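> The amino acid sequence is not available; the structure is as follows:
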C-alpha cells in the first residue's frame, strides 16, 4: 500500500471522526463563516449565461479554450503588457495548478534534462513529488526561519547565488504555502537580479492570487520577472479564487525571448499535453473566461474575492487576540503578518497530535493550519484547545 497523502489523508481522518466539534485545519480550501464551501455569485451568473448558449460538447484544442487562455494572459501579465504585445508569452489551459506544474516539469525535462530543480524549504508537499516524477533531482533552498517566524532571506539569497546556471528555481509568487511568509518588494528585486544575472530559470507558482493584498499587488512579481527579459514559467490556479476546486481550472504560461521562440515553445508544449491528457475539460475554463471577459462579472468577482481575503485577515486577528487572552505567555503576532490561506503556526508535531487525538482538531504535522477554515462558530473551541496543548 502506498502511504496516504499527507494533506488529503487528513481530510479522510476528519471525515471519519464522529466528534461534532471537530475542525479540519489541514485542508487547503476556503470556507465561509458558516463553514461551507461557497458558490460565488459571479460563477452562478456565468453558468446561467452559459446555459443559455448550450451547444455540443466537442473537444477543446490541445492548449484549451482560446478565450480562456487570453483571459489568463491578461490577468497574469496585464492586457497592455509588452510580452503580450510582442507575442512572447504563451498560455495553455491545464488541469488545475497541479496539472500546470506537471506540464512545466515534463516540458523542462524534455529540453533541460540535466537541470537542477530547487524548491523552498519548506514548500507545498506536492512540489517535490511533481518534479521528481518528471525525473528531476529536487534540491531545497533555505526559506523559513523558525526563530524569527519569517523568511530566512540571507540564506535564500546566498544559496541562489551558488547554484548552477540553468537551474530551475520554483518560487511562490504570493501567499507562500505552507508558511504564509512572503518576500518584500526589495527582497524580490534582489531575487530577480540574481536569477537574471546567473541565468537561472524562474518557475512561479501562483495558486492564491488575490488572497494576499489584492489581485494586482499579488501579480506584480510575475510581471516584474516577465519584464526582466529571460524565460519564465508561471503556473496558476483558479480553484481557490473562484471556488472551483472540482472543476480543475489552471494554466501554464511561458514567457520566451522572442515571438518565434514562443511559437516553438507552444508547439512543443502541445506535444507534452497530447501525451498526458490530450486536451482539457471545457466547463471550468468557460466559466472563468466568461467572468474575466464580462466587466460586470469581473467586478463582482473582485468584490467577492476581496471579501474572502478580508475574512481570512479577520480570522488571523481573532486567532491571535483570543490566544493572547488564553495563553498570555505565548506570542502569536507573527500570524497577523502572514499572507494567504495558511499559517505556519509554530505548533510542534506532538502538539498537533494532541489536537487531533484529544480535541478532533486536524492540522498538518508541520504545524501548518488553514486560517480560511476558521470561523466564528469554531474559533473559540480551536483557541481553547491550542492554548491547552502549548
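Everything's here; your move. Note that this is a predicted model, so its numbers are computed, not measured.

> ok so residue 251 is a helix residue?
No. With DSSP: H, G, I helix; E, B strand; the rest coil as the criterion, residue 251 is strand rather than part of a helix.

> wouldn't it be in contact with residue 90 here?
No. Residue 251 lies out of contact with residue 90 (CB atoms under 8 Å); the separation is 10.4 Å. Every residue, glycine included, has its C-beta placed from N, CA and C.

> Could you check which of those two has the larger neighbour count?
Neighbour count, other CB atoms under 10 Å: between residue 251 and residue 90, residue 251 has more, with 31 against 24.

> now the spatially closest residue to that one that is not a sequence neighbour: how far from residue 272?
Spatial nearest neighbour of residue 251, chain neighbours left out: residue 72 (4.5 Å); criterion: CB to CB, 6 or more residues apart in numbering. From residue 72 across to residue 272, the span is 18 Å (CB to CB, to the nearest Å).

> Looking at these two, which is more packed in?
Shown here are residue 72 and residue 272; by other CB under 10 Å, residue 72 has more neighbours (29 against 20).

> Past the strand or helix carrying that one, which element shows up next along the chain?
Assigned by DSSP states H and E, residue 72 belongs to helix 66-77. Remark: after helix 66-77, the chain's next helix or strand is helix 82-85, criterion DSSP H and E.

> Quick one: list the elements packing against the following helix or strand past that following helix.
Sequence-wise, the next helix or strand downstream of helix 82-85 (DSSP H and E) is strand 89-95. Under the contact definition 3 or more CB pairs under 8 Å, 6 or more residues apart in numbering; DSSP states H and E, strand 89-95 sits against helix 66-77, helix 96-111, strand 249-255, helix 259-274.

> Now strand 89-95: buried residues?
Neighbour-count burial for strand 89-95 flags 89-95 (criterion: 16 or more other CB atoms under 10 Å).

> Can you give the distance of it from its chain's centre?
For strand 89-95, the separation from the chain centroid amounts to 16 Å (computed by CA atoms, centre = their mean, to the nearest Å).

> show me the contacts for the closest residue to residue 33 other than its chain neighbours.
Nearest non-adjacent residue to residue 33, counting by CB to CB, 6+ apart: residue 375, 4.6 Å away. Shown in contact with residue 375 (CB atoms under 8 Å, 6 or more residues apart in numbering): 31-35, 315.

> Retrieve the pLDDT associated with residue 375.
On pLDDT, residue 375 comes in at 97.

> How about the one 5 residues further on?
At residue 380 the predicted local distance difference test score is 97.

> That one and residue 325 touch, don't they?
No. Between residue 380 and residue 325 there is no contact under CB under 8 Å: 10.6 Å.

> Next, residue 204: phi, psi?
Here is the backbone geometry of residue 204 (degrees, to the nearest 10): phi -100, psi 120.

> Residue 307 now?
phi -60, psi -40.

> And it, how far from residue 33?
According to CB to CB, residue 307 stands 10 Å off from residue 33.

> So for residue 380 and residue 325, which sits in the more crowded spot?
Taking other CB under 10 Å, residue 380 and residue 325 do not tie; residue 380 has more neighbours (12 against 9).

> From one end of stretch 75-91 to the other, what's the distance?
This stretch, stretch 75-91, spans 12 Å end to end (CA to CA, to the nearest Å).

> Sorry, wrong one. I was asking about stretch 252-262.
Terminal residues of stretch 252-262 lie 13 Å apart, using CA to CA.

> May I see the buried residues of stretch 19-29?
Within stretch 19-29, the residues that count as buried by 16+ other CB under 10 Å are 22-29.

> Tell me which of these fall in helices.
Among those, no member is found in helices (DSSP state H).

> Can you tell me which of those residues is closest to residue 111?
Proximity of the buried residues of stretch 19-29 to residue 111 was ranked by CB to CB; the top entry is residue 28 with 30.9 Å.

> I figured the closest one was touching residue 342, is that so?
Yes. Between residue 28 and residue 342 there is a contact under CB under 8 Å: 7.4 Å.

> Now do the shared contacts for these two.
Common neighbours of residue 28 and residue 342, using CB under 8 Å, 6+ apart, are 177, 370.

> follow-up on the earlier one: may I see the buried residues of stretch 19-29 organised as a markdown table, with distance to residue 56 and pLDDT added?
Formatted as a markdown table, the buried residues of stretch 19-29 follow (distance: CB to CB, whole Å; pLDDT from 0 to 100):
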| residue | distance to residue 56 | pLDDT |
| --- | --- | --- |
| 22 | 45 | 95 |
| 23 | 45 | 95 |
| 24 | 40 | 96 |
| 25 | 44 | 95 |
| 26 | 41 | 92 |
| 27 | 36 | 86 |
| 28 | 35 | 89 |
| 29 | 33 | 94 |
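
> Which pair of these spans the longest distance?
Every pair of these checked by CB to CB; the farthest is 22 and 28, at 17.5 Å.

> Where do the strands of the stretch 151-300 of the chain begin and end?
Secondary structure of the stretch 151-300 of the chain (DSSP state E, counting those that start in this stretch): strands at 168-172, 201-206, 232-237, 249-255.

> Show residues contacting the first one.
Strand 168-172 is touched from outside by 108, 112, 115-120, 123, 127, 131, 136, 141, 160, 163, 182, 191, 195, 200-206, 221, 233, with contacts defined as CB under 8 Å, 6+ apart.

> change it to 7 Å
Strand 168-172 has contacts (CB atoms under 7 Å, 6 or more residues apart in numbering) with 108, 115, 117-120, 127, 160, 195, 200-205.

> go on, the last one?
Residues from elsewhere that reach strand 249-255, judged by CB under 7 Å, 6+ apart: 72-73, 76, 83, 88-97, 99-100, 103-104, 226, 231-239, 242, 265, 284-285, 288.

> Name every strand pairing with that strand and say which way it goes.
In the sheet, strand 249-255 lines up against strand 89-95 (antiparallel), strand 232-237 (antiparallel) (DSSP bridges).

> In TSV: the ones you listed, plus mean pLDDT and distance to residue 167.
Conversion of those to TSV gives the following (pLDDT from 0 to 100; distance: least, CB to CB, whole Å):
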stretch	mean pLDDT	distance to residue 167
strand 89-95	98	22
strand 232-237	98	13
